[in-house]
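Novice: Just to be clear, the model below is a prediction. Sequence and coordinates:
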Amino acid sequence: MTPEQFVQLKAAREESYWESAVRRGFVSDDQILTALSSRFRMKIANIAAVSQQARELVPEQLVRKYRVLPLQISDSVLDIATADPHDLDCERTLAFALGRTVRMSLASPTKIQERLDEVYRPENVIEKILENVGIDYDIETLTEQIEDSDLELGANQATARPVIQLVDRIVAEGISSRASDIHLEPEEGGVAVRYRIDGVLRQVMVLPKAAGIPLVSRVKIMAQLDIADRLRPQDGRARVVVSGNRVDLRISTLPASQGEKVVIRILDQRSTVLSLDGLGLNPDELERIHGLLQSREGLLLVTGPTGSGKTTTLYSMLRTVQARGVNIVTVEDPVEYRLQGIVQVQVNEKAGLTFPAALRSILRQDPDVILVGEIRDKETAMIAVQASLTGHLVLTTLHTIDAASSVTRLLDIGVESYKIAACLKGVVAQRLLRRLCPHCRELAVGQVPDRLKKWFPDGSTLYRPVGCSECSNTGYRGRLAITEVLSTSTEMERRIAANEHSERIADAAREGGMRGLWDSGVQHARNGITTVEELLRVLEAPVEVSAQPRPSASSRASSAQRTVGEDNGTHPAPPSSSGTAAPSIDGGLFPPPTRGYVPTLHQTPAPSFTGASFQLVDDENVNAAGESKKVLLVEDEDSLRRVLKDLLEREGFTVFEAADGVKALDEIDRAAPDIVVLDLNLPRLDGYGVLSHLRARPGTANLPVIVLTAKGDEDSEVRVFEYGASDYLTKPFRPRALSARLHSLLARGHRAG
C-alpha cells in the first residue's frame, strides 16, 4: 500500500482495516493472508473443511462473537480459522469453554463470516417437533416496566416463531402437571426436558441437540438475561400468564460440559396453599407451631435442605401472624410469592441492598414482625438476633439437618451462645413426603422389614400406590410436611448458654415433648396418607444403639491374642479392615505391633487375666470413667484412613472418622472427641477452615489438634500454628511419631485439667 492509501485508511476509522482495505481495492485478501502467514509462520486455513462435530460442539454465540470458524475438534485440540492471531481473549475463552488447546490458522474475515452463515444455518428441527403438537397454549410473557406494558407472545405468533411456541409448550405443560421445577439438561444425544413433580424428577421428552441453543436463548430472553454470555451462571425472573392465570418463574442457568443447563422454578400461588392447616401437619405439631407463633418477640427458625418447603411454611406462619394487625416486613432473595398487606424487600447485591443493609433500614420502619429469607453470614445473623432481643418477632431459615443442629450452626456463624439462649423461641425442622393418591391407593399386602417392626408391628394398616389418571399413573398426588418442633425451655436455655453439643440440646427438647422427623412420618404412614417406601426415600430409619457396654481395650487385645494363638504357629501382621495386609504410611508394611498384640503358639494356652492385674493401655489413654480416649480421624483418603484407624485402635483409642471438613465439625459436636488428627487437604471445607471454626467456638477452643500435611516448608508450618494447631506432622510419617504426639498432648491436657 502507498503512504497515501494508508493515511486514507486510518482516517476512515472503520472497525476492520483488513475489510476496509480490501473493499477499497488497495490490497486483496490473498495478499494480506500471504503476508500474515509469512510474518507469523501460520498456515492458511481451508475454510471448506468444517467437521460436523466441530459445528455441534462449538457454541455459535462464541464463534460469532470472536469472528472465528471452527474447523476440526478432537479430545484435546480445537482448530479454528481466524483473521486476528493476536486475539488472546478468544483463545482463552474457547479453551476454557471447551477444555481443549486452541490452534489457529489464518482466513479472511469476510470469508469467515460467509462460512459461518453457511455452517450455522438454522435447521427446521423445531418445526418438525411441533408438527405433531395438537394443543396450542396461550402464554403471555409479562415484562415489568414503568408503563406496565405486556409483551404478547401468544399462540397467534407461534407459526412465525416456532422456538417461542416450543418454550411456551414446555412451560405450560409443566404448570398444568403441577411441576415445581423444569430442568433443561444438555446431554450427548440431545436436550432432556425433566419436570420435578411432587419432589421427583421425571423425564418427559428429549429434544435434538440443534434445538438446545435457541431454546436456552429464548428462556434467557424471557428472564432478561445476557444470551451472549454462555460461560457464567446467571439468575433471573419472569412472569407469564397461562390461560389467564399469572405465574412467576425463577430462572437459573449453569454452564456445563455439554452446554448450558437451565432450571425454571415455577411459583404458582394457585397450587400453593399458604396456610398452616394446608401443610398436612399432625394435630400435635400444628398445636406446637401455633404456640410458638403466640410469641411477640424472639427468633423462630425453619430449617431443612433445599426444596423442603421452608419458604412455604414461613409464609403460612406470616399469614397466621398477620391476623393480629401487625406491621410485617420481609427481606428476601428472591421474593418468591407476593403477599397482600405485607411489605416485601428484594435483595439487590449490585445496588448495595444486601441482607444486613436491608435489615438495618427495616428496623427504622417500626416493624412488629420481620421475615429474613435466610441467615447466610455472621452480619445478617447478628442483626437478626439483635432485632429479636429488642422486641421484634424474627422469622428466618437455616440449612441444617434437624432442629437441635440449628444452635450449632448459629455458633459456627459466630453468634454468642448466651444471645442464642436469650432470643431463640423455637425451631421447626421439616421435610416433604408425597401423599398417596386418594383415588387409587390400595391396602398393602406384605411383610414390613424386621428393622421397621418397632414402628409398624404386625397388623398395622398400610397402603401402597397404584396409579391412575388423577395422579399421572404415579400413585402419588401432592405433598405434606413432616416436622419436628423444638420449643425452648429453661433447661434448654441453660444447655445452649453452656455450649453443650446438639445431642444434649435434642435430649432437652425431647423431654419437653418434641417428636422427631421419623416419628412424624411414621404417624402419617399409619394414617394411610403416605407409604413406608416414601418415608424411607426421604429419611433413614433410626439405628438402634446397643445397650451393651463397649469392650475395653484390654479385652479387645486379649481377644486378638487368642485369635492369633489359634493359628499354626505363624505370626502374621494384623489384617486391615479390607481384609488385606495394611499398607504402611511410609509405603511398606507395618511390623508386628509391640503393644496390645502378643502372638502366641498354638500349643500354649492363652493366659487368663482378671481385674486390673493386666493393663495393655497406658493410663493416659483412659479417662476417669475407665473409658478409652476418643480420637477423631479426619482424612479423605480411604486407604490411609483405614491404616491410621487400625493403628490407633491397637493403641487403645476409640476412633471416629470423617472424610471431609463439614463432616468433621458435625462429628466433633456428636462424639466430643478428646483429640483430633486433621488432614489439611479436605473436600468441602479444608483443614484451615476446620481449625478456624474450632478455635472460634468456646467449647472447642482448647481441643488438641494434630495436623497432617504433605507440605514440610517453613511457611506451611507457621501458617498451621497461626490457625491454632496443637502439633504438626508431615507426610509420610512414622506411626511411633504420631503415637508419641498423641500421648504427649493428652498427657498435657490431663495435667492441665
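Specialist: Yes, it's here. Numbers count the residues shown, from 1 in each chain.
Novice: Next, the buried residues of the longest helix that the chain contains.
Specialist: Assignment by DSSP state H gives helix 735-752 as the longest helix of the chain. Neighbour-count burial for helix 735-752 flags Pro735, Leu738, Ser739, Arg741, Leu742, Leu745, Leu746, Gly749 (criterion: 16 or more other Cβ atoms under 10 Å). For every residue, glycine as well, the C-beta is placed using N, CA and C.
Novice: That one - contacts with which helices or strands?
Specialist: helix 638-650, strand 675-679, strand 705-709, strand 727-730 (3 or more Cβ pairs under 8 Å, 6 or more residues apart in numbering; DSSP states H and E).
Novice: Restrict it to CA atoms and write it as PDB.
Specialist: This file holds the C-alpha atoms of helix 735-752, laid out as PDB (Å, rounded to 0.1, in the frame of the first residue of the first chain):
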ATOM      1  CA  PRO A 735       3.500 -44.500  63.300                       C
ATOM      2  CA  ARG A 736       5.500 -44.200  66.500                       C
ATOM      3  CA  ALA A 737       5.900 -40.400  65.900                       C
ATOM      4  CA  LEU A 738       2.200 -40.000  65.700                       C
ATOM      5  CA  SER A 739       1.600 -42.200  68.800                       C
ATOM      6  CA  ALA A 740       4.100 -40.200  70.800                       C
ATOM      7  CA  ARG A 741       2.500 -36.900  69.900                       C
ATOM      8  CA  LEU A 742      -1.000 -38.200  70.800                       C
ATOM      9  CA  HIS A 743       0.200 -39.400  74.200                       C
ATOM     10  CA  SER A 744       2.100 -36.100  74.800                       C
ATOM     11  CA  LEU A 745      -0.800 -33.800  74.000                       C
ATOM     12  CA  LEU A 746      -3.300 -35.900  76.000                       C
ATOM     13  CA  ALA A 747      -0.900 -36.000  79.000                       C
ATOM     14  CA  ARG A 748      -0.500 -32.200  78.800                       C
ATOM     15  CA  GLY A 749      -4.300 -31.900  78.800                       C
ATOM     16  CA  HIS A 750      -4.600 -34.300  81.700                       C
ATOM     17  CA  ARG A 751      -2.100 -32.400  83.800                       C
ATOM     18  CA  ALA A 752      -3.600 -29.000  82.900                       C
END
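Novice: Could you give the average pLDDT over that helix?
Specialist: For helix 735-752, mean pLDDT is 75.
Novice: starting at the chain centroid, how far to stretch 649-666?
Specialist: Stretch 649-666 sits 23 Å away from the centroid of its parent chain (Cα atoms, centre = their mean, to the nearest Å).
Novice: now do stretch 386-401
Specialist: With Cα atoms, centre = their mean as the basis, stretch 386-401 stands 23 Å off its chain's centre.
Novice: Not counting it itself, show me its contacts.
Specialist: With Cβ atoms under 8 Å, 6 or more residues apart in numbering as the test, stretch 386-401 has contacts from 295-306, 310-311, 314, 317-318, 321, 359, 363, 367-375, 384-385, 406, 408-410, 419, 422-423, 429.
Novice: Tell me where the model's unsure across this structure.
Specialist: Low-confidence segments of the chain (pLDDT under 70): 13-15, 121-161, 269-273, 544-627, 733, 749-753.
Novice: can you tell me which residues contact the residue nearest to Glu717 when sequence neighbours are not counted?
Specialist: Leaving out its chain neighbours, the residue that sits closest to Glu717 by Cβ to Cβ, 6 or more residues apart in numbering is Tyr728, at 5.7 Å. The contact partners of Tyr728, taken as Cβ under 8 Å, 6+ apart, are Ile706, Val707, Thr709, Glu717, Val720, Phe721.
Novice: try His183
Specialist: Going by Cβ under 8 Å, 6+ apart, His183 touches Ala192, Val193, Arg194, Tyr195, Arg196, Leu201, Lys261, Val262, Val263.
Novice: Could you export those residues as CSV, including secondary structure and distance to Glu534?
Specialist: Output for the contacts of His183, formatted as CSV (DSSP: H, G, I helix; E, B strand; the rest coil; distance: Cβ to Cβ, whole Å):
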residue, secondary structure, distance to Glu534
Ala192, strand, 25
Val193, strand, 25
Arg194, strand, 20
Tyr195, strand, 19
Arg196, strand, 16
Leu201, strand, 15
Lys261, strand, 28
Val262, strand, 29
Val263, strand, 24
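Novice: May I see those residues organised as a markdown table, with distance to Thr396 and neighbour count added?
Specialist: Formatted as a markdown table, the contacts of His183 follow (distance: Cβ to Cβ, whole Å; neighbours: other Cβ atoms under 10 Å):
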| residue | distance to Thr396 | neighbour count |
| --- | --- | --- |
| Ala192 | 36 | 17 |
| Val193 | 35 | 21 |
| Arg194 | 31 | 20 |
| Tyr195 | 30 | 24 |
| Arg196 | 25 | 20 |
| Leu201 | 29 | 13 |
| Lys261 | 30 | 19 |
| Val262 | 29 | 23 |
| Val263 | 24 | 18 |
